[in-house]
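> Sharing a model that was predicted from the sequence below.
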Amino acid sequence: MMDGDSEALNTIATLGANSAKSRFGVAYLRSVCSQAGIGFDETSPDEDVLAVDGHLSFELCPVRVQVKCTGQFRINGGPTATWQTEPAWHRKWTRSGTPVYFVLVIVDPDDQKLWLDHSDQGTLQRAAAFWARVDTLPASSAITLSKQRRLTAATLLEWATDLEEAFSKPAMGTTHA
């Protein structure tokens, strides 16, 4: 994008910087879901009472996902990224009967006009996402995400397996003969 273009976009923008990042993070997750052929239903604004931004629609049932987008880390920076959480989020995540995932989308560089690179070959998202399953984590004020856990279409196969395993475990309090 040329500098004149970004100045012109600033005159029509209706989203602030944080809102734009939020939208970009969800759009990034949607693109991965689309590549995998998995539906994503976004939680309506102000209805994220379960501390999730949406649900991936697997055949068995949906799984919950919280998405954050930031430019405070570099994709090729350190081996981990740590995100601060709220105790209420953790309580809600651990009460879920299905897996809950936290996805951190890193925009690199942290310059809105450079998030997408439009070339003759196509459009490149200058971002990467990393994930952690959070419904099984012990209570903490932060989530540390390993950059070895890159969100890709293949990740969703792992999530589907987690979901199936959640339904194959005996219910709490039941005994087997």
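Received the coordinates, thanks.

> From here on, just use CA atoms for contacts and neighbour counts.
Noted.

> How about the secondary structure of the spatially most central residue of the chain?
In the chain, the residue lying closest to the centroid (CA atoms, centre = their mean) is Val103, at 2.8 Å. Secondary structure state of Val103, per DSSP: H, G, I helix; E, B strand; the rest coil, is strand.

> For it, which residues are in contact?
Val65, Gln66, Val67, Lys68, Ala129, Phe130, Trp131, Ala132, Leu151 (CA atoms under 8 Å, 6 or more residues apart in numbering).

> I'd like the mean pLDDT over the lengthiest helix in the chain, please.
For the chain, the helix with the greatest residue count under DSSP state H is helix 17-36. Helix 17-36 comes out with an average pLDDT of 95.

> could you dump that helix to PDB, C-alpha only?
Extracted as PDB, the C-alpha positions of helix 17-36 are listed here (Å, rounded to 0.1, in the frame of the first residue of the first chain):
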ATOM      1  CA  ALA A  17      -6.700   0.600  16.200                       C
ATOM      2  CA  ASN A  18      -7.700  -2.000  18.900                       C
ATOM      3  CA  SER A  19     -11.000  -2.700  17.200                       C
ATOM      4  CA  ALA A  20      -9.200  -3.200  13.900                       C
ATOM      5  CA  LYS A  21      -6.800  -5.700  15.500                       C
ATOM      6  CA  SER A  22      -9.700  -7.500  17.100                       C
ATOM      7  CA  ARG A  23     -11.500  -7.800  13.700                       C
ATOM      8  CA  PHE A  24      -8.200  -8.900  12.000                       C
ATOM      9  CA  GLY A  25      -7.600 -11.600  14.600                       C
ATOM     10  CA  VAL A  26     -11.100 -13.100  14.100                       C
ATOM     11  CA  ALA A  27     -10.700 -12.800  10.300                       C
ATOM     12  CA  TYR A  28      -7.300 -14.700  10.500                       C
ATOM     13  CA  LEU A  29      -9.000 -17.500  12.500                       C
ATOM     14  CA  ARG A  30     -11.800 -17.600  10.000                       C
ATOM     15  CA  SER A  31      -9.300 -18.000   7.100                       C
ATOM     16  CA  VAL A  32      -7.700 -21.000   8.800                       C
ATOM     17  CA  CYS A  33     -11.100 -22.500   9.400                       C
ATOM     18  CA  SER A  34     -12.100 -21.900   5.800                       C
ATOM     19  CA  GLN A  35      -8.900 -23.600   4.600                       C
ATOM     20  CA  ALA A  36      -9.900 -26.600   6.700                       C
END
